[in-house]
Every structure is written in C-alpha cells, then in structure tokens.
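Engineer: Sequence and predicted model, in that order:
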Amino acid sequence: MTSYVREINIELIIKLASMYINDINLSPLVVSEPSESYKSGETVNRWVEVLVDCPGASTELEKGEKLYTYRLPAKLEVKPGDILSVPFGLQRLGGVAIRILAKPPADLAAEKIKEVEDVIQRDFIGDSYFTLLERVSQYYYTQLIQVIRMALPPGLLRRSQHRIRLKRENIPNGAVEFLGLKAARQILQILQSQVDGDYSFKFLKRQVQGFDYGKKQLLERNWAESYVELLRYSQPQTKPVVTLVADGSYIDLNKRQREILKVLRDCGGELWLNEFLQICKTTTPTLKGLEQKGCIVIEEREVLRREQGPVLAKDQPKSLNTAQASALATIQTLDEFAQVLLHGVTGSGKTEVYLQAIAPLLNQGKSALVLVPEIGLTPQLTDRFRARFGNKVSVYHSALSDGERYDTWRQMLTGEPQVVIGTRSAVFAPLPNLGLIILDEEHDSSFKQDSPIPTYHARTVALWRAELENCPLVLGSATPSLETWVSVGRQGSGGAGGEFVTPNSSLFTPHSSLSTHYLSLPERINSRPLPPVEIVDMRQELQQGNRSIFSRSLQAALQELQERKQQGILFIHRRGHSTFVSCRSCGYVLECPHCDVSLAYHHTEEKAPELLRCHYCNYARSHPKFCPDCSSPYLKFFGSGTQRVTQELARQFPELRLIRFDSDTTRNKGSHRTLLTQFANGEADLLVGTQMLTKGLDLPQVTLVGVVAADGLLNLSDYRASERAFQTLTQVAGRAGRGEDPGRVIVQTYTTEHQVIAAVRSHDYQSFSQAELEQRQALNYPPYGRLILLRLSSLDPIQVQNTAQVIATALSTEEEFEILGPAPASILRVANRYRWQILIKFAPDALPRLPDWEEVRSLCPSSVSLTIDVDPLNIM
Ligand code: ADP
Ligand code: ZN
Ligand code: ZN
C-alpha cells in the first residue's frame, strides 16, 4: 500500500470541485456540540467536503447531493482520498474526503457544521488514482461524485464497519493504571481479553459507557488503532485447505500415501481440500490418516469471494516464434509510460506475448491489468491466464456478485503482485504498483460506455492511467482502431500517404513526449495460413433462382461439415431494429444525399408511412416502392435474427446439431462457459450467433466460418460503419483454421464490390485503413476531428424535439465547431422515451471554446434529460 501514497494536488481538486459545487444541495445539518478545537484561538478552522455514503440517499443519485461539509478538528490531518468517520444525523458514517476548504460555504452558518470524527483509513484513494478520477470527471463532463461512485464497488462505504484493535507491542505492563478514564480502562480490558484484541465500535459502544472518550485516549497513546473493515460479512467464507508439512521420507507410509504426498508437493505444497480430493481421487479419511502421521495439516482458511475458475493444469511458457520474441523484447525494454500497438493477425499468438510480458513483472512485485471487451470472451482467456499464473489472477467485471466484487477489491488493495482481468470498468481497478496495462482487442466498441455517465472509453482512461502510473500500455488487435493506428504513426505507411495530420485526441496528455511503438505479428502460429475467404454474390443467387438465405456454396459447406465431422461457426449480424434498405436485385443502397451514410428505415406503427431517415442531418424521404437504380420491386430492408436463421437451418439441415450463442442464450452467469465447453467437446456441429462469436475464440477444430449477410454491417448509418464491418468480418473469419485442418470462410453479400469486402477477402488491413483514413480526413471525422454527441430524451416527443431545436439554435452562434442535427435517434423510442441528438464536430488540435454545459443544461426543461457523450462511438 505504501507505494500508493503520494502528495495530492489540492489546487487541482479545488479547481475541479468548483465545477460542481454549485448544484449541491446541502442537507439540514444539526448543530454540533462545541469542541475544544473550536474554542481555541490559535487554530485555524478548516473544512472538508466529504462524500458520504448515506443509506437512503441513493434515490437522489442524479443530483450529486451527497457531498457534505464538515469541520476538521485542530490536530487531525486529513487529505483528499482519506476515509473519514463523520456524524450524520444520529449515525456515524464512512465517507471519502474530497477536498479541503479554507472557508465554509457561504450559505452555511459555521456553527452548524459538524466535526469530522476521525480518519479511519489514510490514502484509501491514492494520489494518482484520484487524479485519474478527476480527469474522467473533467474530460467527460461528469460530476466527480458520479465518477467516484462508478469506480467504487456499489455501497462500498455503506458496507464498511469501524473497528478498533490493540497495538500490543506499544502497551507497557500494568497499562491499565496509566489510563485516567474509566471508559478507556474498560475498553483496554475487553480488547485484551480477546486473542486478536479487535472489536467493532458498535460492539464496544454497547459494553462501555463513554466509549468515544475512552477510545480517544487509547488512540492518543497509540495503544490501539482504529480502522475500517471493508465488508466483513458476519461469517467470512472459509474452506479447508491442505498443507504439506513433512515430505514423509522418514515416516512409514504405503505407496498410495506417498503418491498423494508427491501430488501435493508438485502442486506447491498447498491445495484446497476439495481440489486435492478431486486431483488425487482420494477420500477425506485417507487424508486424515496422513494428518495423524504428521505429514499434512488440514485447516480452515478464509476464501476471498473471487470468481473461481475450474482447476487447471499448470501451463508452461511456450517457446516464442521470431515475431513474438521480438515483440516481447521491445515490451520488456519499456519501464515507463509508453503506448504499444501489438498488431497481430488472428491466431498469431498475442496472448502468449501478454503472458510472457507479465510474468517477470509479478516477480518484481508489480501487478498487471488486462482489459478485454466482453464476458463472453473471458472464460477462455482467463483460463489461459489462470493456467499460467494460478491464483494470482482475478476477474473483475460487472456480472460478479456484490460479495465477489468487494472481495476482489480487497484483494487488489493488499498490493500483492497480481493480474486482474476485466471488462471496461476494470480500468478503475485499484491496483497499486501497476507495471503494465493491456487492452486486448483494443478496437472493440464495448470499451466505450454509452450510458450511464460518465461516457468513458476504457482505452482513453487506460492511457491516462498508464501515464499516471508511469507504465506501458499495450494495445493488442488484429484490426486496430484507426485512432490507435494513427496514434502510433502508421498512417500513410505502405502506400501513397498524402499529408496526414497526427491528431491529438486527448485534452490532458499532449503526448508529444509519449513514446509509441508498433509491433507486428504478421503470421499465424506454426505458419498456418489465414483461411481463404470466398465472397458469394447473393444477387446472383436470387437471379439463379435460389431464394434461401443460404447460398449454394454455404449449403454445400454445411453439408460437408456433417460428413467430415468438423465444426463451424455461423455469424449473423443483428443490431437493434434499425436497418437500412437495399435492392436485392442490384445491391443499390439508399443513402442520404447530404451525409454519405445510408438511410435508416423507420416504421413506428401500422398504417404510418414507412420513412427513411438520415440520423445525422434528419433528411427524410418516403420508402420507394421500386429500386431508384434498376426499378426492381425487391427493395427490402435488412434484418435477420439468430432465431430466424436457426429455424431455417433446422428446416434445411435437420441433422445438424446447433448451439445458439447470442444475448438471449447467454444471459445467465456461466452460460458462456457452458455453451462454449459443450461446443468445444463436440456436442454440436455449428455455433450460431452474433457479435460475441467474433471475439477471441480459439477453437482449433473449427474449419468453417459462414457470414449470413455482411450487408447489415456494411451499411449502418454511421461514419464508422466501414471500420466496424472490416473489423468484425476479419475477426469472425479469423476463427477458422486455427488448428491442424485448414479453414475456409464464406461471406454472403449483396454488395460484392464494397471496398470492405475486397479488403476482408485479401486480409489487407493496410489498404483498408489507407482508403478509410483518406475519407475520414476529407470529412473531418475522427481521428481527424473530434465529436461530442448530445443525447436528449423525454417521455414527451414534442418537448424533446423542441428542446433539441432550441439547443441546436443556441449552439449554432458559435463558429468554432460544426453542428449536425438535431435529428432523432435511429431507434426513436426506447423504453417509452423519445430520443433526439445533436452532433458537435470540431478540429482536434485547436480546442474550440466549447459551450458552457451548465448553460446548455439550463435550456432543458426538467422533463428532458441530456447526456453529453464525448468521443461517441455509437451515433445511431
Ligand atoms: P491471437 O490472440 O493472436 O488470436 P492466440 O494467442 O489465441 O492468438 O494464439 C493462438 C494459438 O496459438 C493458441 O492456441 C496459443 O496457445 C498458440 N500459441 C501461441 N504462441 C505459441 C507458440 N509460440 N508456440 C506454439 N503455440 C503457440
Ligand atoms: Zn436495384
Ligand atoms: Zn444526412
């Protein structure tokens, strides 16, 4: 923990805190008892703002009303980030010191302010961690309180308990005689009567009259210390553990008993009893026998409620190929802030590089943070980490139970070297002494939070965190985001470049001094080839009389799969209800005449006109009956769910065993793992699913990958559509042929001539990024411009539309940025709320004078809510 303690930048905090102090509504505070420090003439009164986690206040979350002002007693040193005990109504609660004030708030009479009781834990939130939270607050225009609340596990402070424990080494003989106060003597006696010398305030208060004064005396003498116990469940979870204490060479043992001891020795001399029984296929009585002979000890030990993985065979580092070795060598030379792009084709062994980069750090006493896109991907990945690092690995994501989250937190705060694997929120994992941050599949959009606020991107936050911790950040991907590609200086490489500006997308880190590295793993492990990608033109299928959603080529491949006892993956793109319209005869896609994006199909209710709309500028037109290009009547909107596809499969291939893998079938905890295990065990021939199939699956027996219709991806009404399509198709294709048997990929589309399709077919990231960046630059889209999206929503369709108009008009007086919209969100109504949005576009380097968001908010009636989404990814 100590390395985590640094000086805090109070000025910065004051500056930042002044951003939100105005709308804090202080609670009615009760007159405090006069205290000594208050009477003393010399003491300068100081005040502190405390984020109090008070029960019942959670209903007022939105307004940030949970910051309260307290007076500091004369001798109490408090720093932002400390956990304090403060009086609140009739209770005493835990809270985090946020900032120190020289004056009490003007609207609060000084004598009404209560006094902080004590510091319970110093530097609970370390300096750099605090700075991180502040940056998030400032960059994403979110109150600091809301950021803190998001970063801490829910109800952390509420669950805490205040305790006191003896410091026996400081207590002289006959100590009781030295204590003036009866209460102090009583507390000392109670504490001494117990082995641990440790009780909760609550318990002692019931036993001892005048507990507070008595406790104070003990603390002043430094005979005891108070602390906050984060989450002590009334019954800590314990489990029996078996420990080897003698190797048995001189003890009379039978062969079986010696075998068992050998297993225990091979496993490091210690195992949970249940795992041991499982591994040795033995029984508790047998072990008890060994215990009686003095070879082992069986005892109860507390288990932190971390998500437990299955028992795994210990895995050894693989010997690296040349590209891996050279990538690892570079990463290992970095011991300061740096950004690395590890660009490795699918199956090139990126994970092995991560593992070997982490191993030496753990030996140096440092920790590593590994961020991954989604839970669906974590079981396989975490298994690989656990097989290498055993119980040094913990998993942190929002699907954990509360108990697991707390315990994982506690585990992190111990400062022991460890590896935390988690989804985007784990970027806030309070790991002291970070040596490395890894973002795997860094291009993945699930690293961005759309709601609730703060709408942070874990990659952006990870970069700040790496800077604050002064450690390298490794971004890994087969299909890097264009932002990352440009940020490591790759634009213009491998072709005619043109003049590219390197954008500076971060407000806080000029990054001029940031050292960046590009590392490439251009080949698959064992020089396995990337699978050939066959593009099937579905227009021709239709012309030739095939009306099935499966092309003849895909049908044949599915048939073959069964015959050869191989496995396949069928990918279906499905996203919301929004969809574009295209011609099934010629592939023509209806686009906005002003914005270069496809129009989205809107059909709110029966008999209402079918409309096509642009989500950027709000251009609208009616749905034409015939294709404007070839006059074919087969002008259809797209959208084909997993359910429909599985029905069709069941009809055409009744023998084929399927597993559906999508958000419907993976809702329960552990279901990802169950389904994937079933598939890996060969209990099905085909895995049918959506987006989550594309991520990180490493199943050597998969030879076929089919994409039912690429068009849903190609023509999203979003400037990122091409990038996302290329990434998704390349990733899903990358699941094929990872083992001995060669793989093949079949992509069905109505737009074979699309630039993305060509790039996917030739596995050509370079030319794709080149062409795409040129378009982005021409239109000032990221990474060459920055965006802020204002999302408005209301139950009242008229009011939200009017408000959007009012705000857009107010903003349009500014010249430093461009306003697009207002326009309705593509799914206009969600959970009965009507949604509109305004897009603000500006140059990345010269930061414009951005609007005063408080003023903008004041234009919103209370029935309309406004979210400011900085660097939005999801514009639809
Ligand atoms: P990526 O993450 O780049 O798609 P993986 O890390 O999943 O690739 O590696 C693909 C497969 O190759 C995995 O099964 C992994 O265990 C294996 N592998 C990785 N590196 C090596 C190596 N140096 N030697 C042998 N096998 C390796
Ligand atoms: Zn047409
Ligand atoms: Zn438009």
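Structural biologist: Alright, I've got the coordinates. Ligands and ions are numbered 1, 2, ... in the order given.
Engineer: For the stretch 451-600 of the chain, what lies in contact range of ligand 2?
Structural biologist: Within the stretch 451-600 of the chain, the positions adjacent to ligand 2 are C583, S585, C586, Y588 by CB under 5 Å from the ion. Yep, even glycine has a C-beta here, placed from its N, CA and C like the rest.
Engineer: so what's R660 bridging to?
Structural biologist: Judged by DSSP bridges, the bridge partners of R660 are V688.
Engineer: What residue in the stretch 701-850 of the chain comes nearest to ligand 2?
Structural biologist: Y750 (9.7 Å; CB to the ion).
Engineer: per-residue pLDDT, that residue?
Structural biologist: For Y750, the model assigns a pLDDT of 88.
Engineer: separation between it and Q278?
Structural biologist: 53 Å (CB to CB, to the nearest Å).
Engineer: Between these two, which is the more surrounded one?
Structural biologist: Y750 (26 against 12; other CB atoms under 10 Å).
Engineer: which residues does the spatially closest residue to that one that is not a sequence neighbour contact?
Structural biologist: Using CB to CB, 6 or more residues apart in numbering and skipping residues adjacent in sequence, the residue nearest Y750 is G587, 4.4 Å away. Residues near G587 by CB atoms under 8 Å, 6 or more residues apart in numbering: R539, Y750, T751, T752, E753.
Engineer: you'd agree G587 is in a helix?
Structural biologist: No: per DSSP: H, G, I helix; E, B strand; the rest coil, G587 lies outside any helix segment and is coil.
Engineer: Look up phi and psi at it.
Structural biologist: Main-chain dihedrals, G587, degrees, to the nearest 10: phi 90, psi 0.
Engineer: Likewise for V533?
Structural biologist: For V533, the backbone dihedrals are phi -110, psi 120 (criterion: degrees, to the nearest 10).
Engineer: Please report how far the closest residue to Q691 other than its chain neighbours lies from ligand 1.
Structural biologist: Nearest in space to Q691, with sequence neighbours left out and distances taken as CB to CB, 6+ apart, is T728 at 7.0 Å. According to CB to the nearest ligand atom, to the nearest Å, T728 and ligand 1 sit 15 Å apart.
Engineer: Could you do E352 as well?
Structural biologist: Counting by CB to the nearest ligand atom, the gap from E352 to ligand 1 is 4 Å.
Engineer: Can you report how many residues lie near the nearest residue to that residue once chain neighbours are set aside?
Structural biologist: Using CB to CB, 6+ apart and skipping the chain neighbours, the partner closest in space to E352 is K318 (5.5 Å). The local packing of K318 (other CB under 10 Å) involves 12 other residues.
Engineer: Point me to the residue of the stretch 51-200 of the chain nearest ligand 3.
Structural biologist: Nearest residue of the stretch 51-200 of the chain to ligand 3: Y141, at 26.3 Å (CB to the ion).
Engineer: and that residue, what does it touch?
Structural biologist: Y141 is in contact with W853, I868, V870, counting by CB under 8 Å, 6+ apart.
Engineer: which of those residues come close to ligand 1?
Structural biologist: Applying CB under 6 Å from any ligand atom to the contacts of Y141, one finds that nothing falls near ligand 1.
Engineer: mind putting those in a markdown table, neighbour count included?
Structural biologist: Formatted as a markdown table, these follow (neighbours: other CB atoms under 10 Å):
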| residue | neighbour count |
| --- | --- |
| W853 | 14 |
| I868 | 21 |
| V870 | 21 |
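Engineer: Redo those residues as TSV? Include pLDDT and secondary structure.
Structural biologist: Below are the contacts of Y141 laid out as TSV (pLDDT from 0 to 100; DSSP: H, G, I helix; E, B strand; the rest coil):
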residue	pLDDT	secondary structure
W853	80	helix
I868	90	strand
V870	91	strand
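Engineer: Let me know the closest of these to V688.
Structural biologist: Checking the contacts of Y141 against V688 by CB to CB gives V870 as the nearest, at 36.5 Å.
Engineer: Just read off the phi/psi values of the residue nearest to E352.
Structural biologist: Note on K318: backbone dihedrals following degrees, to the nearest 10 are phi -90, psi 150.
Engineer: measure it to L355 for me?
Structural biologist: With the distance defined as CB to CB, K318 ends up 9 Å from L355.
Engineer: again, but for G568
Structural biologist: Going from G568 to L355 by CB to CB gives 29 Å.
Engineer: re earlier: which one of the residues of the stretch 451-600 of the chain next to ligand 2 has the most neighbours?
Structural biologist: Among those, the one with the most neighbours (other CB under 10 Å) is C583, at 23 neighbours.
Engineer: isn't that one right next to C630, touching?
Structural biologist: Yes: under the criterion of CB atoms under 8 Å, C583 makes contact with C630 at 6.5 Å.
Engineer: show me what contacts V340?
Structural biologist: Residues in contact with V340 (CB under 8 Å, 6+ apart) are T330, I331, L334, P472, L473, V474, L475, V488, T516, H517, Y518, L519.
Engineer: For E220, see how far away the residue of the chain most remote from its centre is.
Structural biologist: Outermost residue of the chain with respect to the C-alpha centroid, by CA atoms, centre = their mean, is E177; its distance is 55.7 Å. When distance is defined by CB to CB, E177 is 17 Å away from E220.
Engineer: before we move on, what about D127?
Structural biologist: According to CB to CB, D127 and E220 sit 28 Å apart.
Engineer: Quick check on the two: which one has the bigger neighbour count.
Structural biologist: In this view D127 and E220 are compared by other CB under 10 Å, and D127 has more residues nearby, 18 against 11.
Engineer: Reduced to three states, what does the closest residue to ligand 2 within the stretch 251-400 of the chain come out as?
Structural biologist: Closest residue of the stretch 251-400 of the chain to ligand 2, CB to the ion: T346 (34.8 Å). Assigned by three-state DSSP, the conformation of T346 is coil.
Engineer: Pull the number of nearby residues for P529.
Structural biologist: P529: 11 neighbours (other CB under 10 Å).
Engineer: Torsion angles phi and psi at it?
Structural biologist: The phi and psi values for P529, taken as degrees, to the nearest 10, are phi -80, psi 150.
Engineer: My read is that it contacts P742, right?
Structural biologist: Yes: in this structure, P529 is within contact of P742 by CB under 8 Å, at 6.9 Å.
Engineer: contacting residues around the closest residue to ligand 3 within the stretch 201-350 of the chain?
Structural biologist: Among the residues of the stretch 201-350 of the chain, L341 lies nearest to ligand 3; the distance is 33.2 Å by CB to the ion. Residues in contact with L341, defined by CB under 8 Å, 6+ apart, are 442, 475-477, 480, 484-485, 488, 490, 516-519.
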